[in-house]
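1. Predicted coordinates and the sequence they were generated for:
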Amino acid sequence: MKIRLPKNAIDYVKPGMFVIFIVFIIIRVPIFFRVDNLISVVAQGAVIGIASIGMTMVILAGEIDISVGAMIYCSGAIASEVFLSTQSMVLTIFAAIVSGSIFGLLNGLGVAKFKIPSIITTLAVSNILTGMGSLIIGSDSTLIAGDAYKVISQTKILGLLSSAWLYIILFALFLVIVSKTRFGRYIYAIGDNADALRASGINLELMQTMIFVLTGTLCGIGGLLSTSRLGGSQFNLSLGTEIYCIAAVVVGGVSMTGGKGSLLGTLVGVFIVAALDNLLRLMSVSAYIYGVVWGIAIFTIVLIDILKKKQDIRNRQRQILDHK
Amino acid sequence: MGIHPFCAYMSYKVNMESNDYLIMKDIHKSFSSVEVLKGVDFSVKRGEIHGFLGGNGAGKSTFMNILGGIYSKDSGDIYINNKKVEIANPMRATQNGISFIHQELKLFSMRSIADNIFISRLPLKGPFKLIDEVEKNKMAKKWLDMIELDVSPKTIVERLSIAEQQMVEIAKALSYESQIIIFDEPTSSLTKKETQTLFRIIRKLKEARACIIYISHKFEEIFELCDRVTVLRDGKDVGTVNVSETTTDELVSMVIGERLDQYFPTVPPLTSEENALEAKNFVNYKLNDISFSLKKGEILGIFGLVGAGRSELARAVFGLDHLVSGELFINGKKTVIKSPQAAIRARLSFLTEDRRSEGLVLSMDINSNLNLPIINKTIIPIIGLLKQRQMKANTTEAFSQFHIIARDAKQRVKFLSGGNQQKVVLSKWFLSSPKVFIFDEPTRGIDVKTKAEIYEQIVNMTSAGCSAIVISSEAPEIIGICHRILVMKGGRIVGEYLRENATEEKLIKSAMGGE
């Protein structure tokens, strides 16, 4: 005897919105589908995409990381500074990755070891890193590392920018990690029922810490790419990226309470977010409108998910009743 | 399948046929100075189904949680297969071959059956150590076949019925090759047919020489399934008997025991024939067509076992749970109550079962807690500030009327004793001068003296014209203070007794379906 959840109108809202979105683009901004524009969408989306990989893992585990933008900002500033003073590509990449991982470790220890709610931990870390990043950039409000720095992200390989290639490689790697390894399975299990996982003898704290560290590492790489694209850093560069990541993750169907969703969904989400961003630019909408659009988008989609969950509970209670 | 998979169990070394495999000796446990277990002895043989009985609060779940590694014991010894063991956490319990199948299942509801069974032992393959899904599903299928659960191991657990989810827990227990399997009231959410399947599996486990501990409230199940039964009362084991040599009456008297007479106030006779509240044909996910009425000034008891739907009935009346159908009349007028706010407006009050999480704001002081339900009446109009002096007056009155023992009104309620917390909740609701007061387990975890005080308050209140519904698992209490008693079982009312002809035996038998 299997309980089948009947389909409800609410199930069609999200796909419906997606269709309306595509139709809207075809009619209003056909230029969007030109190859060169699509390539630039992917390039623009690379940083958001890489950070969204981390955000997906964090949200799957039932936590949140709002320090993503600040981690990208600060590690980007550190990478620029290192490049400026050493001109060494290897040291720069190393600095970005290590600094990002350390920031992630701060988040991880706060959440897993000291049991501070992730929203508070990452809010605090976010503020620390925003300040640190600005200190590194200094009073000029820009930090120019030189054109040689652009090589990292702007080299064209087989028609795609190296930043886009990096996103593709990292995505493939983490797709395997999240869906095919034990660690990946534990991420889902934490978001599903953390107590049951602990009772199974799994080191819950270590897993949680690792999720945040990896997110930090990915943000370090994001910081490297975002500053390399500009040939240096500037005040408040990339701050607020987390809102795009959260949007991509929820649009991609990952449950905000954890345990459900996939990186493939997030990939679709990243594309939609990057496309919407690109679209707003093509339509030359005021930059102030952006925030409004993103806020409403996240709010609506999370609301749909919550309504769906309520409907599921109702259906189930009704089924128990029918069964009597 | 070639050889029967249960034969796997046979390969274990058995010392001697009659030896006890699990022995627990002189187990003590206290929670914040309240002694819950006062030296319990317990033992189970191989190939035995051992029933575990006891009233609510007898210490059954505490005792079993010690065996399952969820609580740690204060003193006492545990021996498995003649070796002394320490069970510090659930993982150690698993390693010692103990599986605990809880009433609330501990599954990953969004993962597949196979993931659930093998989460801590996922099989790997290849140079990159990726999860071997094929092998995992094959292994899971083996255990599912064994418990006759005919679903794919890839099925997501939340798509299964409760009975099937329970089977998954059993499959998990078997996959660890557990020798001791504890079932905590496994049939409370199963249909008759599902129950029979479960019993067949349990008997198979017995044939395979596992030790089964079966916690239940239901006598018919004990008689059908168990070999021996141990009864726990007030934190002591009162005896272990062979099921074939005992009767329902003997077990009932073992569960009840000879209690010291508690002090009950004199309950004044009913004077009014008018209905204060009437519920007609209440139906929802837990309630099965329930109708009852409550007269003005009446104290109506609702008796039943945990899970019988008593609290759900109260929650439905108070607008906390959704009703599929049913009508409510207050003072003869049809009233629709869809939220607690509406219930309070209709002058209902509800003292919930869980006072710490639902009845009190633990980190606030007594004064603030007391004035919460009437906060709208203690606000200065327009400005919105609280009338401190009036609040203090209310509090002072409550202190003297209810004998609340505290340092002062500014003491935070989380530092009060259970009894005093309950008095704060009580007086809090009294301040809103209700017409109908619903008490859900009003004296749980409270000492005898405070209990008596609470009974007195309930009776006083009804002589002032208010009506009361008292939900309780304690039969003497309900007989002691109620005019009339309804007995619930499985979401239905299965019995109605007037105070004069109610006895503990009658109530317990009808609640357990013994007769």
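-> That came through, no problem.
2. Sketch out the low-pLDDT regions of chain B for me.
-> B:1-18, B:32-33, B:56-57, B:258-262, B:445, B:447-448, B:514-515 (pLDDT under 70).
3. Could you chop it up by domain?
-> Domain assignment for chain B by automatic domain parsing gives B:1-11+B:19-97+B:180-188+B:208-255, B:105-176, B:275-347+B:435-448+B:464-515, B:357-433.
4. Any residue of stretch A:180-191 touching chain B?
-> Yes: Stretch A:180-191 is in contact with chain B by C-beta under 8 Å from any C-beta of the partner chain, via A:180-182, A:185-186, A:188-189. All C-beta atoms are positioned from the backbone trio N, CA, C, and that covers glycine.
5. could I get those residues as CSV with secondary structure, neighbour count and pLDDT?
-> What follows is those, written out as CSV (DSSP: H, G, I helix; E, B strand; the rest coil; neighbours: other C-beta atoms under 10 Å in any protein chain shown; pLDDT from 0 to 100):
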residue, secondary structure, neighbour count, pLDDT
A:K180, helix, 18, 95
A:T181, coil, 17, 96
A:R182, helix, 19, 96
A:R185, helix, 21, 96
A:Y186, helix, 24, 97
A:Y188, helix, 25, 97
A:A189, helix, 28, 96
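6. Tell me how many other residues surround the residue in the stretch 301-450 of chain B positioned nearest to chain A.
-> Using C-beta to the nearest C-beta, the closest approach of the stretch 301-450 of chain B to chain A is made by B:V324 at 6.3 Å. Neighbours of B:V324 under the rule other C-beta atoms under 10 Å in any protein chain shown: 13.
7. circling back: looking at the domains of chain B, spot the one closest to A:G231.
-> Closest to A:G231 of the domains of chain B, according to C-beta to C-beta: domain B:105-176, at 37.4 Å.
8. How about the secondary structure of the residue positioned nearest the centre of chain B?
-> Compute the mean C-alpha point of chain B, and by C-alpha atoms, centre = their mean the closest residue is B:V306, 4.6 Å away. Following DSSP: H, G, I helix; E, B strand; the rest coil, B:V306 is assigned to coil.
9. Which of the residues of stretch A:180-191 next to chain B sits closest to A:G259?
-> A:Y188 (5.7 Å).
10. which residues sit in contact with the closest one?
-> A:60, A:259-260, B:108, B:110-111 (C-beta atoms under 8 Å, 6 or more residues apart in numbering or on different chains).
11. A:D65 now?
-> A:54-55, A:58, A:107, A:118, A:122, A:212, A:215, A:242.
12. What are the phi and psi values at B:S432?
-> Backbone torsions for B:S432, taken as degrees, to the nearest 10, come to phi -90, psi 10.
13. re earlier: same list, the residues of stretch A:180-191 next to chain B, but as a markdown table with distance to B:A88 please.
-> Converted to a markdown table, the residues of stretch A:180-191 next to chain B look like this (distance: C-beta to C-beta, whole Å):
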| residue | distance to B:A88 |
| --- | --- |
| A:K180 | 34 |
| A:T181 | 29 |
| A:R182 | 25 |
| A:R185 | 26 |
| A:Y186 | 22 |
| A:Y188 | 28 |
| A:A189 | 22 |
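14. number of nearby residues for the nearest residue to B:K280 once chain neighbours are set aside?
-> Nearest non-adjacent residue to B:K280, counting by C-beta to C-beta, 6 or more residues apart in numbering or on different chains: B:E327, 4.5 Å away. Using other C-beta under 10 Å, B:E327 is surrounded by 14 other residues.
15. Next: the one 4 residues further on.
-> Each residue near B:N331 was counted by other C-beta under 10 Å, and the total is 15.
16. And for B:N460?
-> 14.
17. tell me which element it is part of?
-> Secondary structure from DSSP states H and E places B:N460 in helix B:448-463.
18. Just the buried positions in that helix, please.
-> For helix B:448-463, burial by neighbour count (16 or more other C-beta atoms under 10 Å in any protein chain shown) applies to B:450-455, B:457-459, B:461-462.
19. likewise stretch A:20-38?
-> Result for stretch A:20-38 [16+ other C-beta under 10 Å]: buried residues A:25, A:32.
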